[in-house]
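Peer 1: return atomic coordinates for the entry below.
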Amino acid sequence: MAIQLTESAAAEIRRYRESQKVEESKFLRIGVLGGGCSGFQYTMQFDADYDRHVDHKYQLQGLDIVVDKKSALYLDGTKVDWQNGDYGAGFTFDNPNVARSCACGH
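Peer 2: A predicted model of the protein is given here:
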C-alpha cells in the first residue's frame with residue numbers, strides 16, 4: 001500500500017519548494033528515525049540521492065517521493081496531510097502501524 005499524500009500536503013510541499021527555490025531534480029524523501037517519545041520520529045527533506053537497491057520511489061499527487069526500504073516497513077499505509085488550524089500548522093502522519101504515541105507530534 002505504501003504511503004498516501006493528501007492534496008493539501010502536496011500543495012504545501014509545492015509551495016515550500018517554490019519559495020525556497022528547491023531544484024526540480026530533487027525529490028521529497030520521507031523516513032523514520034529512532035527517537036521521540038514513542039521511539040520513532042518522521043523526517044521529510046528534499047534529496048537528490050536515490051539508490052534503487054535501498055529506496056522505493058513513488059509518484060504521489062504529481063510529486064516524486066522516495067522512502068528507504070527500512071522506513072517503508074514502518075510507513076506502510078501512512079497518510080501524510082497538511083493541517084493549518086487554530087493551534088498552528090504542520091504536517092501530520094496518520095500511521096496505522098503506531099501502537100502508541102504522544103501529543104508532541106514526533
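
Peer 1: and the pLDDT at the most far-flung residue of the chain relative to its centre?
Peer 2: The C-alpha centroid of the chain is most remote from residue 86, which lies 22.5 Å away (C-alpha atoms, centre = their mean). The model reports residue 86 with a pLDDT of 87.

Peer 1: the residue lying closest to residue 34 once chain neighbours are set aside: neighbouring residues, count only.
Peer 2: Once flanking residues are discounted, residue 34 sits nearest to residue 40: 6.4 Å by C-beta to C-beta, 6 or more residues apart in numbering. Heads up, the C-betas are built off the backbone N, CA and C, glycines and all. If you count neighbours by other C-beta atoms under 10 Å, residue 40 ends up with 21.

Peer 1: check residue 12 too.
Peer 2: When neighbours are counted by other C-beta under 10 Å, residue 12 comes out with 18.

Peer 1: that one and residue 60: what is the separation?
Peer 2: If you measure residue 12 against residue 60 using C-beta to C-beta, to the nearest Å, the figure is 13 Å.

Peer 1: check residue 52 too.
Peer 2: Look at residue 52 and residue 60: by C-beta to C-beta, they are 18 Å apart.

Peer 1: of these two, who's got more company?
Peer 2: Comparing residue 52 with residue 60 by other C-beta under 10 Å, the one with more neighbours is residue 60, at 18 against 7.

Peer 1: in the chain, which spans are helices?
Peer 2: 7-19, 69-75 (DSSP state H).

Peer 1: contacts for the first one, please.
Peer 2: Identification of contacts with helix 7-19 by C-beta atoms under 8 Å, 6 or more residues apart in numbering yields 22, 28, 46, 60, 61, 62, 63, 80, 81, 82, 83, 91.
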